[in-house]
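Asker: Everything below, folded, please.
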Amino acid sequence: MIKPRTFTAKDGKRVVLRSVKWDDLDDLIDLINSLVEEGADILRADKVTRSEEAEWLSKRLARIDRGELIDAVAEVEGKIVANSEVEKRGDLMSHVGYLGIGIKSDFRGIGIGTQIMKTLIEESKKAGLKVLVLDHFETNRKARGLYEKMGFMEAGKIPKGIYKNRKYIDLIRMVLEL
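Answerer: Numbers count the residues shown, from 1 in each chain. Next comes the predicted model:
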């Protein structure tokens with residue numbers, strides 16, 4: 001579990017970073033569905049239903065309890081505006097974590113992503129991980145800028161790895177050694 005912490009975003013808003021909890025269900029539905037509506041560069045094209053998100057959150061909370069997942073949400077004015085994770089691999093890759101992050105459009109570019117990434121990197125080190133991996137759409141240059149700022153380096157590309165809106169997009173893999 002991530003110890004809650006507060007910071008002030010570049011726009012002056014108070015942001016709380018903390019672990020996800022069951023009471024976040026409605027905000028998480030709103031977050032993912034807002035990203036789908038926006039057409040954000042995420043691997044989901046359809047909105048989620050309440051039952052789908054409840055099942056997803058239930059599994060997520062169980063994985064956090066088992067130590068298989070590091071999770072952080074950002075809350076502004078009592079609402080979740082970002083969700084992120086590091087999923088730990090197993091067996092011969094137990095030292096590797098896969099990072100994912102999603103931020104509502106109105107809350108990008110104000111330092112929330114940077115603070116979440118710093119927190120996930122710190123928590124990953126505490127968990128004994130040695131490598132973090134993330135994938136992003138080649139078209140998501142703003143996110144790539146954040147990843148590079150945090151020390152991630154491109155490790156490869158899957159040409160046409162994504163098919164969205166009748167267009168192929170390269171999938172970029174980035175890596176950070178901890």
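Asker: And the helices in this protein, which stretches?
Answerer: 25-38, 50-65, 112-126, 141-149 (DSSP state H).
Asker: buried stuff in the first one?
Answerer: Neighbour-count burial for helix 25-38, with 16 or more other Cβ atoms under 10 Å as criterion, is recorded at 25, 27, 28, 29, 31, 32, 33, 34, 35. To be clear about C-beta, it is placed using only N, CA and C from the backbone, and glycine gets the same treatment.
Asker: Could I get the residues you listed in TSV, plus columns for distance to residue 126 and pLDDT?
Answerer: As requested, the buried residues of helix 25-38 are arranged in TSV below (distance: Cβ to Cβ, whole Å; pLDDT from 0 to 100):
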residue	distance to residue 126	pLDDT
25	27	97
27	26	97
28	25	97
29	30	97
31	26	97
32	27	97
33	32	97
34	31	97
35	29	97
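Asker: ok, of the residues you listed, which one's closest to residue 111?
Answerer: residue 31 (18.0 Å; Cβ to Cβ).
Asker: hmm, back to that, out of the helices of the chain, deepest packed?
Answerer: Compared across the helices of the chain, helix 112-126 shows the largest average neighbour count, a mean of 19 (mean count of other Cβ atoms under 10 Å).
Asker: burial count for the nearest residue to residue 27 once chain neighbours are set aside?
Answerer: Excluding the flanking residues, the one nearest residue 27 by Cβ to Cβ, 6 or more residues apart in numbering is residue 80, at 3.7 Å. Per other Cβ atoms under 10 Å, the neighbour tally for residue 80 reads 21.
Asker: wait, residue 80 sits on residue 28?
Answerer: Yes: between residue 80 and residue 28 there is a contact under Cβ atoms under 8 Å: 6.1 Å.
Asker: check contacts around residue 118.
Answerer: By Cβ atoms under 8 Å, 6 or more residues apart in numbering, the contact set of residue 118 is residue 150.
Asker: Please disregard the earlier target; I meant residue 75.
Answerer: Counted by Cβ under 8 Å, 6+ apart, residue 75 has contacts 15, 16, 17, 18, 81.
Asker: ok, now which ones touch the first one?
Answerer: Neighbouring residues of residue 15 by Cβ under 8 Å, 6+ apart: 6, 7, 8, 9, 74, 75, 76, 81, 112, 115.
Asker: Beta-bridge partners for it, please?
Answerer: residue 7, residue 76 (DSSP bridges).
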